[in-house]
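[1] this one's sequence-less:
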């Protein structure tokens, strides 16, 4: 969705209490609505640094989060107790609340979870490419003990200000495999490149948050590592 604020928001949405439209939600005076799939029935004993109780509801599609007028007695926190059920990340959750930590002012949350066997993935292996075969990775810094093929290429990133960042990128190819928990014959294989820059890249470079110093990127069938890197150089924003 296009992000909108104040008078940019259509009048009929403002009548519904919408004061901001984010990429993934409509933020309202009474909570928010997120047009996405899910399954959630939660009572929240406080929000993000907000002492008000709230409820979160979703049945298959459309997450409705409503802030209630009553306040909890616990201090404002970023992690408050919650009660109810939720499906998140291919896992079924039963939230059982929890006690607040007196030192950290956060909830020692209690829950029970079950992985959804028809959807959850079990990790099988991770390998790197030597130029001739896929081998198990060894070591985390150059020179790599596993003999993986590492290519070094120049990389250019243009900031919104127009400033050009010229970097050197070390690139190697890696592959991972998962299978469905209850259906091991259904496998998922992901192949991509691992990229490490010699200096920070992106809009946050030099700030306290810092720019990107390394990332992963998918590689298409028939592409070389350099082809994939150039596509990332063209399409990816940091």
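    Looks like it arrived, so ask away. These numbers come from a predicted model, not from an experiment.
[2] can you count the residues close to the residue lying closest to residue 184 once chain neighbours are set aside?
    Distances taken as C-beta to C-beta, 6 or more residues apart in numbering place residue 122 nearest to residue 184, at 7.9 Å, with adjacent residues excluded. Placement of C-beta: from N, CA and C, glycine included. By the measure other C-beta atoms under 10 Å, the count of residues near residue 122 is 13.
[3] surely residue 122 is in contact with residue 178?
    Yes. If you go by C-beta atoms under 8 Å, residue 122 and residue 178 touch, sitting 6.2 Å apart.
[4] middle-most residue in this protein, spatially?
    residue 89 (10.9 Å; C-alpha atoms, centre = their mean).
[5] how close does that residue sit to residue 124?
    19 Å (C-beta to C-beta, to the nearest Å).
[6] which ones are touching residue 177?
    When contacts are counted by C-beta atoms under 8 Å, 6 or more residues apart in numbering, residue 177 is found next to 123, 124, 125, 187, 188, 189, 190.
[7] let me fix that, I meant to ask about residue 113.
    Contacts of residue 113 by C-beta under 8 Å, 6+ apart are 91, 92, 93, 94.
[8] check which helix or strand the second one maps to.
    Under the assignment given by DSSP states H and E, the secondary-structure element containing residue 92 is strand 91-100.
[9] tell me where the chain has helices.
    Secondary structure of the chain (DSSP state H): helices at 11-15, 225-235.
[10] kindly compare burial across those helices and name the winner.
    Comparing the helices of the chain by mean neighbour count (mean count of other C-beta atoms under 10 Å), helix 225-235 ranks first with a mean of 16.
[11] quick one: distance of that helix to the chain centre.
    22 Å (C-alpha atoms, centre = their mean, to the nearest Å).
[12] which residues are contacting it?
    151, 153, 155-157, 169, 171-173, 192-193, 195, 217-220, 223.
[13] could you flag which of those residues are buried?
    Neighbour counting with 16 or more other C-beta atoms under 10 Å marks 155, 157, 169, 171, 172, 173, 192, 193, 195, 217, 219, 223 as buried within the contacts of helix 225-235.
[14] and the longest strand seen in the chain, what does it pack against?
    Longest among the strand segments of the chain by residue count, using DSSP state E, is strand 52-71. Counting contacts by 3 or more C-beta pairs under 8 Å, 6 or more residues apart in numbering; DSSP states H and E, strand 52-71 is packed against strand 31-44.
[15] got the contact list for the strand it packs on?
    By C-beta under 8 Å, 6+ apart, strand 31-44 touches 1, 24-26, 53-67, 80-88, 95.
[16] can you flag the buried ones in these?
    Buried among the contacts of strand 31-44 (16+ other C-beta under 10 Å): 25-26, 53-56, 58, 63-65, 67, 80-82, 84, 86, 95.
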